[in-house]
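[1] Generate coordinates for the sequence data below:
(chains A and B)
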Amino acid sequence: MAFPTPALACWAGRFTPQVNLAPAALRLEISGSLRLFGGLPALLRLVREDLAALDLRAQLAVAATPLAALWLARSGDDVICPDLAATRAALAAVPLTALQLAPPLARRIEGFGLRRIGELLALPRASLGARLGKPFVIDLARALGEIADPQTCFVFPEHFEQGLELPAPVAAAPVLLFAAHRLVAALAGWLAARNSAVREIEWLIDHGHGVITAVPLAFSAPVYSVERIERVLKERLDALSLSSPALALRLCARQAQPREARSHALFDGGGQRQEALAELMDRLAARLGPQAVQGLACHADHRPELASRAISGKPAARPAANPGAGSAPLRPLWLVDPPEALREVRGRPQCGGELALAAGPERIETGWWDGGDARRDYFIAIDGAGRWLWIFRDPRPPGGWFLHGVFA
Amino acid sequence: MNPALAQVLERGDIRRGDAFAVAPAPTLASGFARLDAELPGGGWPRGALTELLAEHEGIGELGLLLPALAALTAAGQTVVLIAPPRAAHAPAWAAAGIRLEALRLVLPRRPRDALWAAVETLRCGGVAATLLWLDELFRRQLPANSLRRLQVAAGEGGGAAFCFRPAQLAAAASSAPLRLQLQPAGRQLRVQLLKRRGPPARQAILLDIARPADFSPRVSHVVAGAVLPDAADSRRRTRVAA
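    Residues are numbered from 1 along each chain as shown, chains lettered A, B, ... in the order given. Here you go, the predicted structure:
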């Protein structure tokens, strides 16, 4: 295993909140997680898949005590002892080198001609304590589960901030996705251990010489899964061009919020639909820019150009000024903004031929208080091609006819 | 009827022996009885691309969809507009019965992004209907395989998909299973089914769509002058063009 880092401890939070970060090992207390993950084999399969995806090589062992797990992992890969009896049996075959004892102690034991823990345990325990020291005998008892062995747990920090150096400078932003995976996996583990979710994360791409590109990523709903975060990140990176090659990557999540209890709506696809929609909107905004994804809301203003507002992000559940059907005067679905000046022949407006006026005038006069003074006489007009248009005449000089909307 | 049973009967893969000879495709009532009678399955198709070829903008091309869209948004389902041709005017959409909080606008600037956004939106199971205006961004040079991609994406997502396209493309080959040509006809909208699954439609239908004024313009020269191609004829031409 690569030297375990806090980032790796965070990743392990995916499986259990009780993680111990030892100098060359990571220990996970999984007895409380077995049921959640569907049993030991399923959990181990996930661990191996994750490690492969993180491009990490590790020797895995499962044992009933922390120390036994550490010794077994050092002695070889894939030693699985689900209970204490199996653990004691497996320990007997562990070579004493796996204990990584202090050299003087190791030499003394070697002098006895002992190779494996089993041979050591065959000797009377009292004489072992006299010859090899009390601490060593206590360690043996801990490994065998004869006395308790409490571990210090890794403390998942209040704010997530982890970084990594890239093995080689990266010039194309999409390539960063591979390196980013380790940090996203760490973030997801951190979120799982704290049972929380995030709506905003920030990537810092370090170009060296103190040049840093900040890439914030916002989600329309709190997220916590690796896949969900990476799908949005991918679109953002695809649309990003780097000013200079990236040397390091950092991921920060400052505002995590408690995860909401999942609604188990088995027969209602509504929740799933909402989730799929939220993800789509996040990906569209990540790739096209946040301004390219809009909602629409009414605004109480008589000037048509101000009565409609684009809102970024998710529209409020029920905007304040949302007139019900039929209560408002007829307005066109499309607004021509700014209004287009129309040609006039003998005082009659033209738009691809002479316009027939179907309804009007509707006088709109407002805005003198904020400088956006408007006085207009609106008509509904139909042109020779059968288009229904919304036009107005400015009664004040210099006057003129304008096209302001299209009834589609 | 028992609501659970009604739900079961609405499923596309459940067939009632007494009602249909074949299981109906999942459709969306258009709100126009005469149109529903002509559309396979009795409404706008879900999970398939529908091409709307309007002679001009402003002839009522959106009015044709508004009843269906209003019903969707009223049920809390989402409608997405991709690359709309002009600024959407919120009061008008609200007055047409669209719940604005269920409406999303996507405004890509580059054609490539527009096509990507269209495919992703169509594929998303959370979108009930998508309206697309792609030809303008592509300067009327939409890549040949685009409609095929959109059709496949609509099949994956299962929502309704309406692609507004210039009427000049009526004779061009298309992979959309449903194609409608729209022409103004006074207060009404003349709808010609150029292509549908099933027997070709022979006659155009006239629909009373909502108009902003109680006014009947002279039947415009476009409609009066041109002889409408009958569907079989346009199919023949399509084959020649293909």
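[2] could you pull out the helices for chain B?
    Read by DSSP state H, chain B holds these helices, from start to end of the chain: B:3-10, B:33-38, B:66-74, B:90-95, B:111-123, B:146-157, B:221-225, B:231-241.
[3] mean pLDDT for those helices: which is lowest?
    Mean pLDDT across these is lowest at helix B:221-225; the value there is a mean of 39.
[4] State the three-state secondary structure for residue A:44.
    What DSSP: H, G, I helix; E, B strand; the rest coil gives for residue A:44 is helix.
[5] Show the contacting residues for it.
    A:60, A:62, A:80 (Cβ atoms under 8 Å, 6 or more residues apart in numbering or on different chains). All C-beta atoms are positioned from the backbone trio N, CA, C, and that covers glycine.
[6] can you pull the contacts of the first one?
    Going back to what we said before, that points to residue A:60. Under the contact definition (Cβ under 8 Å, 6+ apart), the residues listed for residue A:60 are A:44, A:47, A:48, A:73, A:77, A:78.
[7] before we move on, back to that, may I see the contacts of residue A:44 arranged in TSV, with pLDDT as well?
    Formatted as TSV, the contacts of residue A:44 follow (pLDDT from 0 to 100):
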residue	pLDDT
A:60	93
A:62	95
A:80	91
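[8] would you list every one of the helices in the stretch 51-200 of chain A?
    Using DSSP state H, counting those that start in this stretch, the helices of the stretch 51-200 of chain A run over residues A:66-75, A:84-92, A:103-111, A:117-121, A:125-132, A:134-143, A:176-193.
[9] Can you add distance to chain B, mean neighbour count and mean pLDDT and give these back as CSV?
    Below are those laid out as CSV (distance: least, Cβ to the nearest Cβ, whole Å; neighbours: other Cβ atoms under 10 Å in any protein chain shown; pLDDT from 0 to 100):
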stretch, distance to chain B, mean neighbour count, mean pLDDT
helix A:66-75, 43, 22, 92
helix A:84-92, 46, 17, 92
helix A:103-111, 61, 12, 87
helix A:117-121, 56, 18, 89
helix A:125-132, 65, 13, 85
helix A:134-143, 52, 17, 91
helix A:176-193, 17, 22, 94
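[10] per-residue pLDDT, residue 53?
    In the absence of a named chain, chain A is used. Reported pLDDT at residue A:53 in the predicted model: 91.
[11] hmm, I had chain B in mind actually
    Per-residue pLDDT puts residue B:53 at 96.
[12] Counting neighbours, what do you get for residue 80?
    Here I'm looking at chain A. 14 (other Cβ atoms under 10 Å in any protein chain shown).
[13] The chain in question should be chain B.
    The criterion is other Cβ under 10 Å. On that basis, residue B:80 has 27 neighbouring residues.
[14] What's opposite it in the beta bridge?
    residue B:104, residue B:130 (DSSP bridges).
[15] Just flag the most distant two among the contacts of residue A:60.
    Within the contacts of residue A:60, two members stand farthest from each other by Cβ to Cβ: A:48 and A:73, at 13.6 Å.
[16] What residues does the stretch 151-300 of chain A have near chain B?
    For the stretch 151-300 of chain A, the residues in contact with chain B (Cβ under 8 Å from any Cβ of the partner chain) are A:270, A:272-281, A:283-284, A:287-288, A:291-299.
[17] Cheers, nothing more for now.
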